[in-house]
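Undergrad: Next come a sequence and a model predicted from it.
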Amino acid sequence: MTDFLTSADGTAIACEAVGEGPAVVIVDGALCRRAFGPSGGIAERLADGHRVFRYDRRGRGESGAGGPYAVEREVEDLAAVIAAAGGGATVLGLSSGAALALRAAGAGVGVARVVAYEPPFSTSDEQRAAFRAYRAGVGQDVAAGEFGAAVARFMGFVGSPASMLGQLRQSPAWPLFEAVAPTLVHDADVLDGAAGAPVPVERLAALDVPVLVLDGGLSPRMLRDAAEAAAAAVPGADHRTLAGQTHEVDPGVLAAALRDWTA
C-alpha cells in the first residue's frame with residue numbers, strides 16, 4: 001500500500017513498506033522508481049527480518065516534483081521517509097542513490113548506517129571533464145524539453161551501445177524513461193556534476209556512521225575505483241566486492257551482503 005509523506009517543502013513523497021524488523025530505506029539511482037528498477041526485488045529479499053521502505057524520489061512515479069530543484073530537498077525527502085520508519089534506518093543507496101545516501105548520512109536526518117552500491121564518482125581528470133560536459137548537455141536537453149535527447153545522452157554516457165539505444169527507443173519502456181528525464185539533472189547535481197562528480201573527500205571524511213561501500217567484480221574499472229576511493233575517504237568504512245556482479249546487481253546478492261554486514 002502506498003503512503004504519501006510530506007517533505008519539508010510540502011512535496012508529497014510516495015512510499016511503501018514491507019516486512020518486519022530493523023528499518024532499511026532503499027534509495028534508487030537514475031531513471032528508477034518503485035515501479036521500474038531493482039528496489040522491489042531487493043525489498044522482497046530483505047523483508048524477512050527487516051522493515052523495508054521504498055519511495056519514489058521527487059519528480060518520479062507518484063511523488064510530486066516540488067518547486068525549483070535543490071539537492072537539499074532530496075535530503076529532506078529522505079528524512080521524511082526515515083521519520084516514517086521510526087526516526088532511524090540503514091540506508092541502502094544504488095548508484096547516484098548511493099551518493100544521495102552518503103550526503104544524507106552527514107545531515108543529521110537519522111541515517112544510522114549506509115550501504116552504498118557503486119556511487120559513480122569520478123576519479124580522474126578525464127572522467128571529471130567528461131562528467132562536466134555530460135551535466136551541461138543533459139541540462140540543456142531538459143531545459144529545451146528534449147527529454148528523449150536527455151535519456152539518449154545519459155544512455156550514451158554510461159556506455160550503452162548505439163544498437164541497444166535504438167532498440168530501447170522502440171520499446172514500451174522508452175516513454176517511461178522520458179517521463180523522468182528531468183530527474184537526470186537531479187542525479188547529476190547529487191554527484192556535484194558541474195564540478196565533474198569528484199569524490200567528495202571532505203564530506204565523506206566528516207561522516208560518523210558506519211558505511212559499507214560495495215562494487216561488482218564484473219563492473220567497469222572506473223566504478224570499482226570510485227567505490228574504493230569513496231570507502232577510503234570515510235573513517236572506518238568497509239569496502240567489499242561482490243563477485244560476478246555488474247552495476248545491475250542481483251537483488252539477492254545485494255540483500256545478502258547487507259544482511260551479512262548488519263548481522
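TA: Thanks, I have it.

Undergrad: for residue 188, what are its contacts?
TA: By C-beta atoms under 8 Å, 6 or more residues apart in numbering, the contact set of residue 188 is 131, 134-135, 138-139, 194, 197. Any C-beta I mention is one placed from the backbone N, CA and C, and that applies to glycine too.

Undergrad: One more: residue 28?
TA: Here residue 28 is in contact with 34, 37-39, 54, 57, 60, 94, 97 (C-beta under 8 Å, 6+ apart).

Undergrad: wouldn't residue 197 be in contact with residue 120 here?
TA: Yes. If you go by C-beta atoms under 8 Å, residue 197 and residue 120 touch, sitting 6.8 Å apart.

Undergrad: intersection of neighbour lists for the two?
TA: Contacts common to residue 197 and residue 120, judged by C-beta under 8 Å, 6+ apart, are residue 191.

Undergrad: So residue 52: helix, strand or coil?
TA: The three-state assignment at residue 52 reads strand, by DSSP: H, G, I helix; E, B strand; the rest coil.

Undergrad: any idea how far the residue nearest the centre of the chain lies from residue 231?
TA: Centroid-nearest residue in the chain, with C-alpha atoms, centre = their mean: residue 97, separated by 1.3 Å. Separation of residue 97 from residue 231 (C-beta to C-beta, to the nearest Å) stands at 17 Å.

Undergrad: same check, this time on residue 42
TA: Distance, residue 42 to residue 231, using C-beta to C-beta: 21 Å.

Undergrad: What of residue 19?
TA: 28 Å.

Undergrad: same thing with residue 134?
TA: Counting by C-beta to C-beta - residue 134 and residue 231 are separated by 24 Å.

Undergrad: What segments of the stretch 101-250 of the chain are strands?
TA: Using DSSP state E, counting those that start in this stretch, the strands of the stretch 101-250 of the chain run over 111-117, 211-216, 238-242.

Undergrad: List the buried residues for the helix or strand just after the last one?
TA: Stepping forward along the backbone from strand 238-242, the first helix or strand reached (DSSP states H and E) is helix 251-262. Counting neighbours by 16 or more other C-beta atoms under 10 Å, one finds that the buried residues in helix 251-262 are 251, 253-255, 257-258, 262.

Undergrad: average model confidence for helix 251-262?
TA: The average pLDDT for helix 251-262 rounds to 97.

Undergrad: got a winner among the contacts of residue 28 for most neighbours?
TA: The most crowded member of the contacts of residue 28, judged by other C-beta atoms under 10 Å, is residue 94 (29 neighbours).

Undergrad: Isn't that one up against residue 117?
TA: Yes. Using C-beta under 8 Å, residue 94 is in contact with residue 117, at 5.1 Å.

Undergrad: and the closest residue to residue 176 other than its chain neighbours, how many neighbours?
TA: Among residues not flanking residue 176 along the chain, residue 36 sits closest, at 5.8 Å (C-beta to C-beta, 6 or more residues apart in numbering). When neighbours are defined as other C-beta under 10 Å, residue 36 has 17 of them.
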